[in-house]
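Q: Below is the sequence, then the predicted model.
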Amino acid sequence: MPRSINYRPTLIDELITNERLNSYASVFSYSDDSELVGAYLWNTHVCSAIYPLLTASEVALRNSIDTALVKDIGRFWWARNRLHYKSFTSSSNEPFEVKAIKNNFSKATDQVRKDKKGRYRTKSATPTHHEIIAKTEFSTWEFILDAEFMGPNLIWPKHLGAVFKGSWPSRSASTMLGSTRDLVKTIREFRNRVSHHEPIWKRYGVHTELDAISHLNEKIDKIMQLVALISPDKEQLLVKNSLLARAKMACSIDELRRYQNLTTPHKVKSISKLCMLAQQSTRDNKTIPVTIYKNGSANFLIQPK
């Protein structure tokens, strides 16, 4: 049982650290170290549930933009100054976003070369278009939504409709571009917290565990908003394969309490009760712990598909 584990001194003091757990102690309800570490493990569970949605949004965004620009400018559209911008003059310095995009593609190209040389034990390697795109940082696609690329004979608004096929929040192309960049920035910063193993529920104004759960659900909604804006079909792919439901289920008080070992398993001694609990799990989108008694006892979790 989790409560029989020796949490101190090694697990908490040395491997997790009190500094990390202090942030949990100030927000989450707990009565002992088992419940406090349970909240910490719940955060890991939430990260794993949300990550597929984050990946889907990032990949959909970069591929949708790349597809549109390849059709117009050609492969390697970022190279040889083919990506024009509004404030270009022969004598002026490049804006930050333009420099950042060039730097990101340069780093992606170098990383592909390094990876291929290591994988194939060769002294030279030629990165393909798609290999470079796949190695780009998420920030690349935030910067390319900057107003610097908006205007006559530039990529925006020319390709906005091709890239974002869902319902727009505004009829104004400039408003649409600006709000989408803000949305991408929000998701990128949240993704970074997930990738760096941070407490992803943290933000200014989160004082209780209900605040934390509300914040996480807001982030899930933002991610799905971006996916739906890019492709309603991609949104339905995530919904119908239960990726959205799993993320929502993870970001709940019920799941938090389960990880804090505060839920009591349902005792199941009949098929009818098992079926009833399975229906409840599906209806409420929640995990239900059960103990089945037949020739002894065995513990299981019932989860919706």
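A: Happy to help now that I have it.
Q: quick one: low-confidence ranges for the stretch 1-150 of the chain?
A: Scanning the stretch 1-150 of the chain for pLDDT under 70 picks out the ranges 1, 91.
Q: just the helices in it please.
A: Ranges of helices in the stretch 1-150 of the chain, per DSSP state H, counting those that start in this stretch, are 18-25, 33-73, 96-120, 129-135, 139-143.
Q: what do you get for the stretch 201-305 of the chain?
A: 209-230, 232-240, 243-250, 253-259, 271-284.
Q: same for the shortest one, what does it pack against?
A: Yep, that's helix 253-259 we're talking about. helix 33-73, helix 209-230 (3 or more Cβ pairs under 8 Å, 6 or more residues apart in numbering; DSSP states H and E). The way it works is simple: take the backbone N, C-alpha and C, and place the C-beta from them, glycine included.
Q: Between the helices of the stretch 1-150 of the chain, which one is closest to residue 291.
A: helix 33-73 (19.4 Å; Cβ to Cβ).
Q: circling back to that earlier point, switch the helices of the stretch 201-305 of the chain over to a markdown table; also include mean pLDDT, distance to residue 159 and mean neighbour count.
A: As requested, the helices of the stretch 201-305 of the chain are exported to a markdown table (pLDDT from 0 to 100; distance: least, Cβ to Cβ, whole Å; neighbours: other Cβ atoms under 10 Å):
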| stretch | mean pLDDT | distance to residue 159 | mean neighbour count |
| --- | --- | --- | --- |
| helix 209-230 | 98 | 12 | 19 |
| helix 232-240 | 98 | 18 | 15 |
| helix 243-250 | 98 | 28 | 20 |
| helix 253-259 | 98 | 41 | 18 |
| helix 271-284 | 96 | 41 | 13 |
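Q: Format those helices as JSON lines; extra columns: distance to residue 78.
A: Below are the helices of the stretch 201-305 of the chain laid out as JSON lines (distance: least, Cβ to Cβ, whole Å):
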{"stretch": "helix 209-230", "distance to residue 78": "20"}
{"stretch": "helix 232-240", "distance to residue 78": "24"}
{"stretch": "helix 243-250", "distance to residue 78": "31"}
{"stretch": "helix 253-259", "distance to residue 78": "42"}
{"stretch": "helix 271-284", "distance to residue 78": "47"}
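Q: Minimum distance to residue 190: which of the ones you listed has it?
A: helix 209-230 (5.2 Å).
Q: and the closest one, how far out from the chain's middle?
A: Put simply, helix 209-230 sits 10 Å off its chain's centre (Cα atoms, centre = their mean, to the nearest Å).
Q: picking that back up, between the helices of the stretch 201-305 of the chain, which one is closest to residue 75.
A: helix 209-230 (21.3 Å).
Q: mind checking which of the helices and strands packed on helix 253-259 is nearest residue 201?
A: Closest approach to residue 201 among the helices and strands packed on helix 253-259 (Cβ to Cβ): helix 209-230, 3.6 Å.
Q: roughly how far apart are the most centrally placed residue in the chain and residue 226?
A: Among the residues of the chain, the one closest to the centroid is residue 54, at 2.5 Å (Cα atoms, centre = their mean). Remark: distance between residue 54 and residue 226 (Cβ to Cβ, to the nearest Å) = 10 Å.
Q: do the same with residue 283
A: Distance from residue 283 to residue 226, counting by Cβ to Cβ: 29 Å.
Q: Could you write out the alpha-carbon coordinates of stretch 106-125 in PDB?
A: Written as PDB, here are the backbone C-alpha positions of stretch 106-125 (Å, rounded to 0.1, in the frame of the first residue of the first chain):
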ATOM      1  CA  SER A 106      19.100  26.700 -39.100                       C
ATOM      2  CA  LYS A 107      19.100  24.900 -35.800                       C
ATOM      3  CA  ALA A 108      16.600  22.300 -37.100                       C
ATOM      4  CA  THR A 109      18.700  21.700 -40.200                       C
ATOM      5  CA  ASP A 110      21.800  21.200 -38.100                       C
ATOM      6  CA  GLN A 111      20.000  18.800 -35.800                       C
ATOM      7  CA  VAL A 112      18.800  16.700 -38.700                       C
ATOM      8  CA  ARG A 113      22.300  16.500 -40.000                       C
ATOM      9  CA  LYS A 114      23.600  15.500 -36.600                       C
ATOM     10  CA  ASP A 115      20.900  12.900 -36.100                       C
ATOM     11  CA  LYS A 116      21.400  11.300 -39.500                       C
ATOM     12  CA  LYS A 117      25.200  11.200 -39.200                       C
ATOM     13  CA  GLY A 118      24.800   9.400 -35.900                       C
ATOM     14  CA  ARG A 119      22.100   7.000 -37.100                       C
ATOM     15  CA  TYR A 120      23.700   6.000 -40.400                       C
ATOM     16  CA  ARG A 121      27.400   6.400 -39.400                       C
ATOM     17  CA  THR A 122      28.100   8.700 -42.300                       C
ATOM     18  CA  LYS A 123      30.300  11.800 -42.600                       C
ATOM     19  CA  SER A 124      27.700  13.700 -44.600                       C
ATOM     20  CA  ALA A 125      23.900  14.000 -44.500                       C
END
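Q: No more questions from me, cheers.
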